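*Asks:* Requesting a structural model of the entry that follows:
(3 chains)
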Amino acid sequence: MKVSEIAALLKSSPIGDAEREIYGVSALEAAGPSEVAFVEGARSLDQAKASRAGCLLVPEGVSLPGKTTVSVLNPKLALIRIAGALHPPASPPPGIHPHAVVAPDAKIALDCSVGANVVIESGASVGEGTHLSPGVYLGVGVRIGAKSILHPNVTVYSGAQIGDRVILHAGVVVGSDGFGYVFAEGRHVKFPQLGKIVIEDDVEIGSNTTLDRGSLGTTVIGQGTKIDNLVQIAHNVKIGRHCIIVSQTGISGGAEIGDYVVMAGQVGVGERAHIEDRVIVGGQSGVLPGKIVRSGSVVWGTPCRPMNEHKKTTARLAKLDALAEKVQALAAQMAKLSS
Amino acid sequence: MKVSEIAALLKSSPIGDAEREIYGVSALEAAGPSEVAFVEGARSLDQAKASRAGCLLVPEGVSLPGKTTVSVLNPKLALIRIAGALHPPASPPPGIHPHAVVAPDAKIALDCSVGANVVIESGASVGEGTHLSPGVYLGVGVRIGAKSILHPNVTVYSGAQIGDRVILHAGVVVGSDGFGYVFAEGRHVKFPQLGKIVIEDDVEIGSNTTLDRGSLGTTVIGQGTKIDNLVQIAHNVKIGRHCIIVSQTGISGGAEIGDYVVMAGQVGVGERAHIEDRVIVGGQSGVLPGKIVRSGSVVWGTPCRPMNEHKKTTARLAKLDALAEKVQALAAQMAKLSS
Amino acid sequence: MKVSEIAALLKSSPIGDAEREIYGVSALEAAGPSEVAFVEGARSLDQAKASRAGCLLVPEGVSLPGKTTVSVLNPKLALIRIAGALHPPASPPPGIHPHAVVAPDAKIALDCSVGANVVIESGASVGEGTHLSPGVYLGVGVRIGAKSILHPNVTVYSGAQIGDRVILHAGVVVGSDGFGYVFAEGRHVKFPQLGKIVIEDDVEIGSNTTLDRGSLGTTVIGQGTKIDNLVQIAHNVKIGRHCIIVSQTGISGGAEIGDYVVMAGQVGVGERAHIEDRVIVGGQSGVLPGKIVRSGSVVWGTPCRPMNEHKKTTARLAKLDALAEKVQALAAQMAKLSS
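*Replies:* Alright, predicted model coming up:
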């Protein structure tokens, strides 16, 4: 792609060498003369001056004399578009691999790609253009929409419903039994795990993340929500739309998460907690069972509190030793004064 | 099943429409006229009045005029029994799938079900009625008892012993090498991981949980213990009987856990810690290496302390800022007084 | 192996029954008359006196009258050597299993062992003596060196590079997409994950651990580093040489870890944090995004602080209640004095 073509795709005009050929995208510090990179933020701008990149996507109003640039409203977003044009995702040829094991009554759209060692049980259906990588397992009656990608060794339990354009990374488990028992006569008796799980459109789920089905109800992952690696989603959890849930977070049974919620890594959410829309939860926080975190709040710590308060406490904590000594000194003075 | 049959199974008598046909179990708030639900606790009782459920399992002594009810000692437990009758678990037909790879000297009981792409190595044995789902791997000499269920893509390393009625969810790894090295000449030299792992009867283990074999000794998961998803059990850990270990908890090498212990989510247990019988550990707690947590105690926090104390500290912490200001004010007054 | 042969291998001389036959290694407390165990530390020395072990590897200068011993500089390291001689690792016969699916242009060294249901995509190469267990998936262009072992159901995404003598335990995922999005028009747009991942020689990675490729750059795991089970390594992370990273730790995007770093379990490292050489991070610590932890320091807590300070704070915290009461009492006295 010529720089001029990149600019045209972004509805902008190039400054500098419009004829230069660009073969790939790269990070600013690593980009070479045939690569495009993006510039965002002050530190990035400094790096850009020393960059060898063949083309730089810069925010509007930024000029970099001597560099070939294309100015756009959102350089990072622009890079995503250019990357899509330069590196279109490899789509495996459609067809069912001879080493796949597909139940005769499963409905596989004609242009799906079904890899080696895939197992598809009775009654399952797979929509157009969906790609099942080697080792994927679809249980009885699983329904997957169109243009989804299941990476290798993903397991989908019976009855799970997965939407369009969903990406499940390697080792993801969808629809395993929830963790519920009734204690009776000295042992834990398994509670029925007969519910459903629904993963809506445009969800992406990271490697080895686990998502349990509902016990009697339904586990739901809302449209456009993105979940990182090694996250645990328990039975009956409802997650809204366009949330971001970072690695190793765990969400307990029956918790409800609103829309546009962001959870950093290693957060724990207790049973039936309710996190409302647009909440941001700091890393390693603990949201106690049943707790309601109000819409738009930013929280941190265990038990989680408003981020600013928690930060203040944390700063105070670092000086707790000094505080205790001060109290000691005051007590001594007081004793002296009193006597 | 008629309501009268449900009542008979529970050794109770129905009140209301004994002839009504019930086809499934459901959660109280979602149950329809052909479903049975259970009622437990005050809030649940309020919901029950508005429920459309065709049959309600209620605690003895509770009456719900106008509703069809069956009163029992333990409604939740009763629901488990009815669910078992209404939704008997689908058992796959016995037999070895033609795409399974089974060593000639492996002993597979006649009525086992061995799915596609299962690999069973030399010397392994599988008991009656056990179900190995597609993609399961059993290493050399693995022994699995009767009526166990291994979900897809479970890996069992060589020599592991698994009892009867054990359930291993998708992606579980049993018997991988412990994490042990000796540092010598600037590098970490792998310590032999030659020990065993024994999973006793009636254990259930959640998706993608990992359990290491002993290094020289044995890792043991006691009878009836239930382990959730993404839990880490290190080498030489001994877990007693009928414990509950919630998701993302990690138990370090050589730790010993008694019977009937409950650990909430994301707990960390240090090396060679000893958690005695019936202890309850709150979520995200850290039990330091070598620590002994006495029988029956309830602990929380890192390092873990008695739950009540930790809660008090947590409440105080939220007011640490105010405390520091108070000390500041006292110091000022003191300075004034002293001068 | 006779005790005399063990001693010869360790370049030492036996004391006691040099002719005794030893068939295996064992833990000190479990060892029988035909087993060898090692003795290290005072407690271990007491156990040794009561041990039934056929041979004890003891530190130089230690004598155990009545026992058969071999004295060495480093008994634990000596045991590793003897274990290697007594229990040489079973190496599966070379060859490609008929149920493996190998692209015609993949380069598989002649003496590799490729198990059942392994899938190797186009352009991949596997070095001499490497063992791919059943269910392993190698994407397009993956390169694996010599004498590496991939346990069952490991997934390696396209383009990943893995060195010599690397061990990947069951369920490991190498090279999945990093977790990066740009928020635009009310939804999260996937940032390209086109980078690389390099796992250098002598690395060992525990079960179900996940390692993402770089987004535009490269994720690197340095030579000799050992990673435990269920660890998360995000995109663009650089880990140095000979590090130890314990279970359930998560390292966020762009973080850099030096050489010889030790991280205990469940640590969280924020984006672009920089942990310098030989740092030790205590269990469950949180290293904030962008934080620099200086070479050689020992830290604990969230946010992490020097271990000694954090321990002092923790001890003070346990007495926070008493401190608050003391301040209350002082305030009362002060009020009395002032009036």
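*Asks:* what does the stretch 1-150 of chain A put close to chain C?
*Replies:* A:24-27, A:30, A:37, A:74, A:76-77, A:79-80, A:83-84, A:87, A:90, A:97, A:99, A:115-117, A:133-135 (C-beta under 8 Å from any C-beta of the partner chain). Glycine gets a C-beta too; all of them are placed from N, C-alpha and C.
*Asks:* Please indicate which of those residues are buried?
*Replies:* Neighbour counting by 16 or more other C-beta atoms under 10 Å in any protein chain shown classes A:24-27, A:30, A:37, A:74, A:76-77, A:79-80, A:83, A:97, A:99, A:115-117, A:133-135 among those as buried.
*Asks:* quick one: contacts for A:I15?
*Replies:* When contacts are counted by C-beta atoms under 8 Å, 6 or more residues apart in numbering or on different chains, A:I15 touches A:S63, A:T68, A:T69, A:V70, A:S71.
*Asks:* Please identify which helix or strand holds A:H188.
*Replies:* Per DSSP states H and E: A:H188 is located in strand A:187-190.
*Asks:* does any part of that strand sit near chain B?
*Replies:* Yes - judged by C-beta under 8 Å from any C-beta, strand A:187-190 and chain B are in contact via A:R187, A:H188, A:V189, A:K190.
*Asks:* what packs against the next helix or strand after that strand?
*Replies:* Later in the chain than strand A:187-190, the nearest helix or strand by DSSP H and E is strand A:196-199. Applying 3 or more C-beta pairs under 8 Å, 6 or more residues apart in numbering or on different chains; DSSP states H and E, one finds that strand A:196-199 contacts strand A:161-162, strand A:173-176, strand A:210-212, strand A:218-221.
*Asks:* try it again with 6 Å
*Replies:* On a contact count with 3 or more C-beta pairs under 6 Å, 6 or more residues apart in numbering or on different chains; DSSP states H and E, strand A:196-199 meets strand A:218-221.
*Asks:* Pull up the pairing partners for the strand it packs on, direction included.
*Replies:* Strand A:218-221 has the following strand partners under DSSP bridges: strand A:196-199 (parallel), strand A:238-239 (parallel).
*Asks:* got those as CSV, with mean neighbour count and mean pLDDT columns?
*Replies:* Output for the strands paired with strand A:218-221, formatted as CSV (neighbours: other C-beta atoms under 10 Å in any protein chain shown; pLDDT from 0 to 100):
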stretch, mean neighbour count, mean pLDDT
strand A:196-199, 23, 98
strand A:238-239, 22, 98
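*Asks:* For C:R294, which of those is the nearest?
*Replies:* Checking the strands paired with strand A:218-221 against C:R294 by C-beta to C-beta gives strand A:238-239 as the closest, at 39.2 Å.
*Asks:* what residues does the closest one touch?
*Replies:* A:V220, A:I221, A:G222, A:T225, A:E256, A:I257 (C-beta atoms under 6 Å, 6 or more residues apart in numbering or on different chains).
*Asks:* For A:V154, see how far away the fourth one is.
*Replies:* Computed with C-beta to C-beta, to the nearest Å, the distance linking A:T225 and A:V154 is 17 Å.
*Asks:* neighbour-wise, which of those two wins?
*Replies:* A:V154 (29 against 26; other C-beta atoms under 10 Å in any protein chain shown).
*Asks:* looking at it, the more buried one is touching A:L168, isn't it?
*Replies:* Yes - when contacts are counted by C-beta atoms under 6 Å, A:V154 is listed as touching A:L168 (4.9 Å).
*Asks:* Phi and psi next, for A:I96.
*Replies:* Main-chain torsions, A:I96, degrees, to the nearest 10: phi -110, psi 120.
*Asks:* Sorry, wrong one. I was asking about A:H310.
*Replies:* According to degrees, to the nearest 10, A:H310 has phi -60, psi -40.
*Asks:* Export only the CA atoms of stretch A:244-256, formatted as PDB.
*Replies:* This file holds the C-alpha atoms of stretch A:244-256, laid out as PDB (Å, rounded to 0.1, in the frame of the first residue of the first chain):
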ATOM      1  CA  ILE A 244     -13.800  -5.000  29.800                       C
ATOM      2  CA  ILE A 245     -12.800  -7.700  32.200                       C
ATOM      3  CA  VAL A 246      -9.100  -8.200  32.700                       C
ATOM      4  CA  SER A 247      -7.200 -11.400  33.400                       C
ATOM      5  CA  GLN A 248      -7.600 -13.600  36.400                       C
ATOM      6  CA  THR A 249     -10.700 -11.700  37.600                       C
ATOM      7  CA  GLY A 250     -13.300 -14.000  39.200                       C
ATOM      8  CA  ILE A 251     -17.100 -13.300  39.300                       C
ATOM      9  CA  SER A 252     -19.100 -15.300  41.700                       C
ATOM     10  CA  GLY A 253     -22.500 -16.900  41.300                       C
ATOM     11  CA  GLY A 254     -25.500 -14.600  40.600                       C
ATOM     12  CA  ALA A 255     -23.500 -11.400  40.400                       C
ATOM     13  CA  GLU A 256     -24.800  -8.800  38.000                       C
END
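*Asks:* Show me what the nearest residue to A:P92 once chain neighbours are set aside is bridged to.
*Replies:* The shortest distance from A:P92 to any non-neighbouring residue, by C-beta to C-beta, 6 or more residues apart in numbering or on different chains, is to A:S113 (4.3 Å). Note on A:S113: beta-bridge partners by DSSP bridges are A:G95, A:H131.
*Asks:* need the contact list for A:S113.
*Replies:* Counting by C-beta under 6 Å, 6+ apart, A:S113 touches A:P92, A:P94, A:H131.
*Asks:* at 10 Å instead, please
*Replies:* Contacts for A:S113 (C-beta atoms under 10 Å, 6 or more residues apart in numbering or on different chains) come out as A:91-97, A:126, A:129-133, A:149.
*Asks:* And for A:G163?
*Replies:* A:G163 touches A:127, A:143-148, A:198-203, A:221, A:223, counting by C-beta under 10 Å, 6+ apart.
*Asks:* which one among those gets closest to chain C?
*Replies:* Chain C has its nearest neighbour among the contacts of A:G163 in A:D202, at 7.3 Å by C-beta to the nearest C-beta.
*Asks:* And the helices in chain A?
*Replies:* Using DSSP state H, the helices of chain A run over A:3-9, A:42-50, A:75-86, A:307-317, A:320-338.
*Asks:* Can I get the third one in PDB? Just the C-alpha atoms.
*Replies:* Output in PDB follows, covering the C-alpha atoms of helix A:75-86 (Å, rounded to 0.1, in the frame of the first residue of the first chain):
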ATOM      1  CA  PRO A  75      -4.400   7.700  15.200                       C
ATOM      2  CA  LYS A  76      -4.700   4.400  17.100                       C
ATOM      3  CA  LEU A  77      -8.100   3.700  15.600                       C
ATOM      4  CA  ALA A  78      -6.600   4.600  12.200                       C
ATOM      5  CA  LEU A  79      -3.800   2.100  12.700                       C
ATOM      6  CA  ILE A  80      -6.400  -0.600  13.400                       C
ATOM      7  CA  ARG A  81      -8.000   0.200  10.000                       C
ATOM      8  CA  ILE A  82      -4.700   0.100   8.200                       C
ATOM      9  CA  ALA A  83      -3.700  -3.100   9.900                       C
ATOM     10  CA  GLY A  84      -6.900  -4.700   8.700                       C
ATOM     11  CA  ALA A  85      -6.100  -3.700   5.200                       C
ATOM     12  CA  LEU A  86      -2.400  -4.700   5.200                       C
END
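*Asks:* where's A:R278 relative to chain B, distance?
*Replies:* Noted for A:R278: a distance of 24 Å to chain B, by C-beta to the nearest C-beta, to the nearest Å.
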